[in-house]
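**Q** model this:
(one chain, ligands or ions: 1)
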Amino acid sequence: MIDVEELSIAFGDVQALSDVNLTVERGELVGLVGPNGAGKSTLLGTINGLLEPTAGRVTVDGDDVTELSARALARQVATVPQETSLSFAFPVRDVVAMGRTPYRSRFERVSRTDREHADRAMKRTDVARFADRSIDAVSGGERQRVVVARALCQDPDALLLDEPTASLDIDHQVRILSLAREFVAEGRAALCAIHDLSLAARFCDRLVLVADGQLLAAGTPESVLAEEHVEHAFGTEATVTSHPVTGTPDVTVTERQSDRDAHVHVLGGGHTAARAIAALATAGFSISAGVLPDGDRALDAARAHDIETVTAAPFAPVSRAARQEVTESVRTADCVVLAGTDETNHALAEHARRLVVVREVAGEAIAGERTTDIETARVTDIGELVAGVEARLDGEPRRLETPADD
Ligand SMILES: Nc1ncnc2c1ncn2[C@@H]1O[C@H](COP(=O)(O)OP(=O)(O)OP(=O)(O)O)[C@@H](O)[C@H]1O
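**A** Reported below is the predicted structural model:
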């Protein structure tokens, strides 16, 4: 029915769509999902012939939309635009009847059949109650339903809906999408841009996910709304569960955990570790440190910033309990910063899930060149440490197979 082939469209420097392929068959309601500015309205605008592709083409029932007359295309495709403001204060009934324009010659009056089409569309969209009121005198959600009624009145083979539920109450959201389902059950096709992913999953046969002008995924709601797709497209964290009532995918978006909530363990003592602790504490990380002997400058820094520290008596061997405690802290930290040459700390660093090594400060080698099998960020200046830790936190943590045995 609707075939979009290798479609690209640019507005000056903005590449709004690149190489998009998509089909909508008769009997299908397809949901178009993706973040703001992804290219959804542009795609709909190209299908209804308002925008000309830079490359590729769109056909409806085999006809290239750029080659059809406006009238011929309007008999095949009706659009419910995102922006539903209308410039003239016509009565609702007349606005809906405008859907019959592609079937009338220019001077023909609205016929009885046209009125019947309009009445049916108004009833289905629950706007008949205010049919005689001016379109200026209805609410935003009511106006949106009037525009849906006008599109239905147009009696097209395909319906394009751009955010039709945006200003509707929950009851009318469900009603409009149920109407779209009824529409496709009559052997027609609908493509609907929609922001509510759970609602899209509930009502659509298939979903198409676009981001940054590209098609990221297409298929069943279950396959398209995989957490990694949602997270990638929207740059957020998402949890997808099965809705307890409808059984369809239910998407909850959670705020990405701030890097600054991350737990960073600082290994090593002395001047460099003290500066590392101060820099990380000022940046707001949750820090632990140790093992640090009494009298170490890093311990003073830790105490100044109220930081949890594993301590030891000066010049005494580190107790087994202290070792265990610090090993656990290193293993559970989101990131470990190694800021000392001490061999014990090097061994402990091997338990880190993410590691940043402060390699040298002002030309003085701190942690040496010892290699480790952990992917490591190296910083050579304390001023770079916070950025280094943040960059490391963006990466996947190493999986630890075995628990520490000491
Ligand atoms: N006429 C235009 N001139 C220049 N850039 C445009 C124009 N129309 C759209 N764009 C740009 O093209 C990109 C896609 O916009 P589009 O309106 O298709 O996104 P959308 O997915 O519908 O977004 P939303 O969910 O916010 O409605 C955006 O970067 C937008 O700023």
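**Q** what about stretch 335-343, distance to the chain center?
**A** The chain centroid and the centroid of stretch 335-343 are separated by 37 Å, computed with C-alpha atoms, centre = their mean, to the nearest Å.
**Q** quick check: mean pLDDT across stretch 276-283?
**A** For stretch 276-283, mean pLDDT is 87.
**Q** and what of stretch 100-109?
**A** Looking at stretch 100-109 alone, the average pLDDT works out to 78.
**Q** what's in contact with that stretch?
**A** The list of residues contacting stretch 100-109 from outside it, by C-beta atoms under 8 Å, 6 or more residues apart in numbering, reads Arg71, Ala72, Ala74, Arg75, Val110, Ser111, Asp114, His117, Ala118, Cys153, Gln154, Asp155. Just so you know, the C-beta spots here come from the backbone N, C-alpha and C atoms, and that holds for glycine as well.
**Q** now it: buried residues?
**A** Arg100, Thr101, Pro102, Tyr103 (16 or more other C-beta atoms under 10 Å).
**Q** same check on stretch 326-344?
**A** 326-331, 333-342.
**Q** just give me the closest of those residues to the ligand.
**A** Asp334 (33.3 Å; C-beta to the nearest ligand atom).
**Q** now do the same contact list for the closest one.
**A** Asp334 makes contact with Ala262, His263, Val264, Arg353, Arg354, Leu393, Pro397 under the criterion C-beta under 8 Å, 6+ apart.
**Q** can you rerun that using 6 Å?
**A** Applying C-beta atoms under 6 Å, 6 or more residues apart in numbering, we find Asp334 in contact with Ala262, His263.
**Q** same question for Gln76.
**A** Residues counted as contacts of Gln76 (C-beta under 6 Å, 6+ apart) are Val60, Pro156, Asp157.
**Q** swap the cut-off to 10 Å and go again
**A** 1-2, 48-49, 60-61, 63, 65, 68, 102, 154, 156-158, 188 (C-beta atoms under 10 Å, 6 or more residues apart in numbering).
**Q** on that earlier part again, turn the contacts of stretch 100-109 into TSV, columns for neighbour count.
**A** Shown next, in TSV, are those (neighbours: other C-beta atoms under 10 Å):
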residue	neighbour count
Arg71	12
Ala72	15
Ala74	19
Arg75	15
Val110	16
Ser111	13
Asp114	20
His117	22
Ala118	26
Cys153	27
Gln154	23
Asp155	16
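**Q** take these and keep only those in helices.
**A** Among the contacts of stretch 100-109, the residues falling in helices (DSSP state H) are Arg71, Ala72, Ala74, Arg75, Asp114, His117, Ala118, Cys153.
**Q** grab the nearest non-local neighbour of the fourth one.
**A** Distance criterion C-beta to C-beta, 6 or more residues apart in numbering; nearest residue to Arg75, sequence neighbours excluded, is Pro102 at 4.9 Å.
**Q** the one you found and Arg353, how far apart?
**A** Applying C-beta to C-beta, to the nearest Å, the value for Pro102 to Arg353 is 63 Å.
**Q** what is the mean pLDDT for the biggest helix by length in the chain?
**A** Longest helix of the chain, by residue count under DSSP H: helix 170-185. The pLDDT scores in helix 170-185 average 90.
**Q** going by neighbour count, list what's buried in that helix.
**A** Taking 16+ other C-beta under 10 Å as the basis for neighbour counts, the residues of helix 170-185 that come out buried are His172, Gln173, Arg175, Ile176, Leu177, Leu179, Ala180, Phe183, Val184.
**Q** next SSE after it?
**A** Heading C-terminal from helix 170-185, the first helix or strand you meet, by DSSP states H and E, is strand 189-193.
**Q** next, the angle from that following strand to helix 170-185.
**A** Taking axes from the mean of the first three to the mean of the last three C-alpha atoms, to 10 degrees, one finds that strand 189-193 is oriented at 150 degrees with respect to helix 170-185.
**Q** listing partners with orientation, what would you give for strand 189-193?
**A** Within its sheet, and counting by DSSP bridges, strand 189-193 is paired with strand 29-33 (parallel), strand 158-162 (parallel).
**Q** show me what the longest helix of the chain packs onto, helices and strands only.
**A** With contacts taken as 3 or more C-beta pairs under 10 Å, 6 or more residues apart in numbering; DSSP states H and E, helix 170-185 sits against strand 29-33, strand 77-80, helix 112-124, helix 140-153, strand 158-162, strand 189-193, helix 197-203.
**Q** so which of those is nearest the ligand?
**A** For the helices and strands packed on helix 170-185, the distance to the ligand is smallest for strand 189-193, at 6.3 Å, taking C-beta to the nearest ligand atom.
**Q** using CSV, list the CA coordinates for the closest one.
**A** Listed in CSV are the C-alpha atoms of strand 189-193, where the atom choice follows Å, rounded to 0.1, in the frame of the first residue of the first chain:
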residue,chain,number,x,y,z
ALA,A,189,-3.7,1.3,6.1
ALA,A,190,-2.6,3.7,8.8
LEU,A,191,0.7,5.1,9.8
CYS,A,192,0.7,7.0,13.1
ALA,A,193,3.5,9.0,14.7
